[in-house]
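*Asks:* Give me the fold of what follows.
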Amino acid sequence: MKRITELLILIAPLFVACNSSRLLVSTPTKSLTDTPALIMTSTITATPTLTRTSTRTRTPTVTITPTPTLPIGLTQVSPKDGMMMVYVPAGEFVMGSDDSNSDEKPMHSIYLDAYWIDQIEVTNAMYALCVRAGSCYPPSYSHSQTRNSYFGNSQYDEYPVIWVSWYDAQDYCGWAGRQLPTEAQWEKAARGTDGRKFPWGETISCTQANYGICEGDATAVGSYSSYASPYGVYDMIGNVNEWVADWYDPNYYASSPNRNPTGPAGSQSRVIRGGSSGVATRNNFLPGVSGGGLGFRCAAPDNAVFPPLPELQPTTASDFSIGSTAISSRDGMTMVYVPAGEFTMGLNGIVDNYNVYEEPHTVYLISYWIDQTEITNAMYALCVQAGSCQPPSSSGPHIGSSYYGNYPVVYVSWNDAHDYCEWAGLRLPTEAEWEKAARGTNLRAYPWGDQTPDCTLANFWPYSACMGSTSQVGSYPNGASPYGALDMAGNVMEWVNDWYDSGYYSISPNINPTGPERGSYRVVRGCGWRDDAYGILAVERSYGDPDIGDSSLGFRCAVFAGK
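*Replies:* Numbering: from 1, shown residues only. Below is the predicted model:
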């Protein structure tokens, strides 16, 4: 049983016992709608059990609601794989070409309903999620043209997946809640409505795309973002060719319907797009064939609604890495980048004479942003003023004065924290995301490492109090995590998204876990100024009633990075 000091109990009634398995609560004073912000699958089969058949049916799992016509430039993130998607409005465009191969003739006008399409080709890292979930077969080979180790090598996580068949591409898009684009959708996304030959204009060079002998192998997705299509789609020419949904018929254009064509009813081969001769170029392969220069991207109908994308303004290059930051426009919060990859969650060992056992297990997370600090009083006040958040339930220490604007907001329930993150266009981090952001990938006990905490590293309760109350956020830069997150130990405890289950680690999926589907309490991480060195361990788990706030309980937000 985890211990708690008598001094802690004497100071103030506890809401969440960070150093105890016992939960102390009072009668809930309000009840808000409890709507989790994440749309994710909570259970994943680790071992593939697929049976290959010649016909496939799969129903997209996106949430469908009617939406109005949306503008060019709109983006949103698909939650299953973190893919950034761009919007293509409804309307006519010119498809085909009269100046090239016979299967591109005649040039004809097509009307398409609006839709979303992946901004980049599906990457190795994204495809690996589907493989690990047991919903996709691995690529036929793990090498590329010049690299003996390609798929499964973290160095190439942000490169397009290759050696996948049409069936593999279809499986992936179905798993992700999307579908392969039709040939017409692919071409409109690539060239817009003016009949241009390439996404950017009428000529091509190695500064605009990776084709022919420019690079000799695949490059990282989005490497030629300055030469995007009119809708902001990358790599529609070069890098890899791409599977689309349609069966291939060289004479199809002569009889194609002029609204939302989906290709002939059947054939022997499927269409491939993306050739360097131009956006109208058509190729084809048998659907069971894979290739070292063949990948894909997915699409979704215009009324596919994913969690909202926040307005983030990166403060470093768009090729994000550890140390990259972004500013959330709604509240001015600096967010830090956590790249995709595995880490060991939990810990089994002795730390500072404490016997720690939080069942260790390997977890893979896609990339995400997380707030650098806890949400402050000043930030939370913006949400209250906007009518989207309830005021804190108490005006206790460091609440209600402009002097304390940069102190963490407290006396907020899980429901309050959820409402705030939703107002900001973000969401509460999962428990796994919180822990990875706090400790990185090298099994450290605290955000800063294994060094015994002192009052230069965190605001906590050692033998004599560091502060005796909350401190301004970011006051302990020496205690930063490997990703630059601050106050992950001490200051205030923090709500995360997950329901609490003491045995969850033993059944947790190893990819993007989101906690149990239901429960009575929500997980709290980080512990605060009233807790000792054991309580502020980066692996320490606590929990609380989602309707109740406390003087040592705040939160921070997160969002998928879409890269």
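
*Asks:* pLDDT wise, what is the closest residue to residue 275 other than its chain neighbours at?
*Replies:* Excluding its sequence neighbours, the residue lying closest to residue 275 (CB to CB, 6 or more residues apart in numbering) is residue 281, at 3.6 Å. (C-beta placed from N, C-alpha, C; glycine too.) Residue 281 carries a pLDDT value of 95.

*Asks:* what about residue 281, how many residues close to it?
*Replies:* Neighbour count for residue 281, taken as other CB atoms under 10 Å: 20.

*Asks:* roughly how far apart are it and residue 478?
*Replies:* Going from residue 281 to residue 478 by CB to CB, to the nearest Å gives 57 Å.

*Asks:* hmm, back to that, show me what contacts the residue nearest to residue 275?
*Replies:* With contact taken as CB atoms under 8 Å, 6 or more residues apart in numbering, residue 281 is in contact with 100-101, 104, 273-275.

*Asks:* and what of residue 277?
*Replies:* residue 100.

*Asks:* quick one: it from residue 384, how far?
*Replies:* Applying CB to CB to residue 277 and residue 384 gives a distance of 58 Å.

*Asks:* just to revisit the earlier point, may I see the ChimeraX selection of the buried members of the contacts of residue 281?
*Replies:* Command for ChimeraX that selects the buried part of those, burial taken from 16 or more other CB atoms under 10 Å:
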select :104,273,274,275
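
*Asks:* Out of the contacts of residue 281, which comes closest to residue 188?
*Replies:* Distance to residue 188, by CB to CB, is smallest for residue 273 among the contacts of residue 281, at 11.4 Å.

*Asks:* ranges for the strands of the stretch 1-150 of the chain?
*Replies:* Assigned by DSSP state E, counting those that start in this stretch, the strands in the stretch 1-150 of the chain fall at 63-64, 75-78, 83-88, 91-95, 108-112, 115-118.

*Asks:* sorry, back to before: ok but the residue nearest to residue 275 is inside a helix, no?
*Replies:* No. Residue 281 is assigned coil when assessed by DSSP: H, G, I helix; E, B strand; the rest coil, not a helix.

*Asks:* For residue 468, see how far away residue 487 is.
*Replies:* 16 Å.

*Asks:* what about these two, which has more around it?
*Replies:* Set residue 487 next to residue 468 and count neighbours by other CB under 10 Å: residue 487 wins out with 31 against 13.

*Asks:* I'd like the distance from stretch 422-429 to the chain centre, please.
*Replies:* 13 Å (CA atoms, centre = their mean, to the nearest Å).

*Asks:* From residue 239, how far out is the spatially closest residue to residue 206 that is not a sequence neighbour?
*Replies:* Excluding its sequence neighbours, the residue lying closest to residue 206 (CB to CB, 6+ apart) is residue 214, at 3.8 Å. Plainly put, residue 214 is 10 Å away from residue 239 if you go by CB to CB.

*Asks:* can you pull out the helices in this protein?
*Replies:* 6-11, 124-132, 166-175, 183-191, 377-385, 414-423, 431-439 (DSSP state H).

*Asks:* What ranges in the protein fall below the confidence cut-off?
*Replies:* Within the chain, the segments meeting pLDDT under 70 span 1-71, 305-319, 352-354, 396-403, 463-465, 533-535, 562-563.

*Asks:* swap the cut-off to 50 and go again
*Replies:* 1-17, 19-68, 308-309, 317, 563 (pLDDT under 50).

*Asks:* Touching, residue 369 and residue 335? I think so.
*Replies:* Yes. Between residue 369 and residue 335 there is a contact at 4.1 Å, judged by CB atoms under 8 Å.

*Asks:* so what's residue 242 up against?
*Replies:* 121, 186, 272-274, 294-297.

*Asks:* Just the ones of these in strands?
*Replies:* Those of the contacts of residue 242 mapping onto strands are 272-273, 294-296, per DSSP state E.
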